[in-house]
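Chemist: Here's my sequence, what's the structure:
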Amino acid sequence: MQDFILNVLDWLSSLGYLGIALGLMLEVIPSEIVLGYGGYMISQGTIGFAGAVIAGTIGGTIAQLFLYWLGYYGGRPMLEKYGKYLLINNHHIDLSEQWFKKYGPGVIFSARFIPVVRHAISIPAGIARMSFIKFTLYTIAAIIPWTIFFLNLGIVLGENWAGIKDAARPYIIPVAVIALIAGIIYFIWMKRKNR
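Modeler: So this is what the prediction gives:
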């Protein structure tokens, strides 16, 4: 599996910024690894930081828009049938639907920082016919810091970029907790506002 990942990353790196965007759009390799490798490329002077952030944001957003449209046009039955080809199983869909129902549209931002839920949350947003503009804005607002964080971590790790998941672990849990708290605050605020 590691050889496969290295071969894909070599191919993506040959494409420069487009490779980062494609890597995040296709999500064959987790975004943390693609962005970590992007950070390594920045440290080598192959690409620039600003361009990598833009490419990462575009690629990550397009990936989520694809899932949003799948939910919007195909609904749950289509995802149950074909989701396995996108590495999305029924558990992911169930969990993300529960989050979306419980916390509302604001969860689109906060869930982006929580493992398992972060990708699948786009599906119930589509099924619920969430505003496309609002969905896109929340998604971009979350993808930018995610991209910057992992690119910076890749720069710091340099040639040790492959250890990015272990290096990120101490940061991911506090960020996920903060995102969860922010989602709950948003939910309470929206409930009060609607009253």
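Chemist: contacts, neighbours, all on C-alpha from now
Modeler: Will do.
Chemist: my read: Glu97 touches Ser122, true?
Modeler: No: assessed by C-alpha atoms under 8 Å, Glu97 is found out of contact with Ser122, at 9.4 Å.
Chemist: burial of the closest residue to Ala125 other than its chain neighbours, as a residue count?
Modeler: Spatial nearest neighbour of Ala125, chain neighbours left out: Tyr68 (6.3 Å); criterion: C-alpha to C-alpha, 6 or more residues apart in numbering. Per other C-alpha atoms under 10 Å, the neighbour tally for Tyr68 reads 28.
Chemist: Please report the distance of Tyr68 from Asp94.
Modeler: According to C-alpha to C-alpha, to the nearest Å, Tyr68 stands 15 Å off from Asp94.
Chemist: Kindly report the same for Gly59.
Modeler: 25 Å.
Chemist: swap in Leu12?
Modeler: For Leu12, the distance to Asp94 - C-alpha to C-alpha - is 33 Å.
Chemist: Then Lys81?
Modeler: 14 Å.
Chemist: Between the two, point out the one with more neighbours.
Modeler: Asp94 (16 against 11).
Chemist: Need the CA coordinates for the helix or strand that contains the more buried one. CSV is fine.
Modeler: Assessed by DSSP states H and E, Asp94 sits inside helix 90-103. Output of helix 90-103 as CSV, limited to C-alpha atoms (Å, rounded to 0.1, in the frame of the first residue of the first chain):
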residue,chain,number,x,y,z
ASN,A,90,-23.7,3.4,5.7
HIS,A,91,-22.1,4.1,9.1
HIS,A,92,-20.6,7.3,7.7
ILE,A,93,-23.9,8.4,6.3
ASP,A,94,-25.8,7.6,9.5
LEU,A,95,-23.4,9.4,11.6
SER,A,96,-23.3,12.5,9.4
GLU,A,97,-27.1,12.6,9.1
GLN,A,98,-27.4,12.5,12.9
TRP,A,99,-24.9,15.4,13.2
PHE,A,100,-26.7,17.4,10.5
LYS,A,101,-30.1,16.9,12.1
LYS,A,102,-28.8,17.7,15.6
TYR,A,103,-26.7,20.8,14.8
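Chemist: ok, the residue nearest to Arg112 when sequence neighbours are not counted - how many residues close by?
Modeler: Spatial nearest neighbour of Arg112, chain neighbours left out: Arg118 (4.2 Å); criterion: C-alpha to C-alpha, 6+ apart. With neighbours defined by other C-alpha under 10 Å, the count for Arg118 comes to 18.
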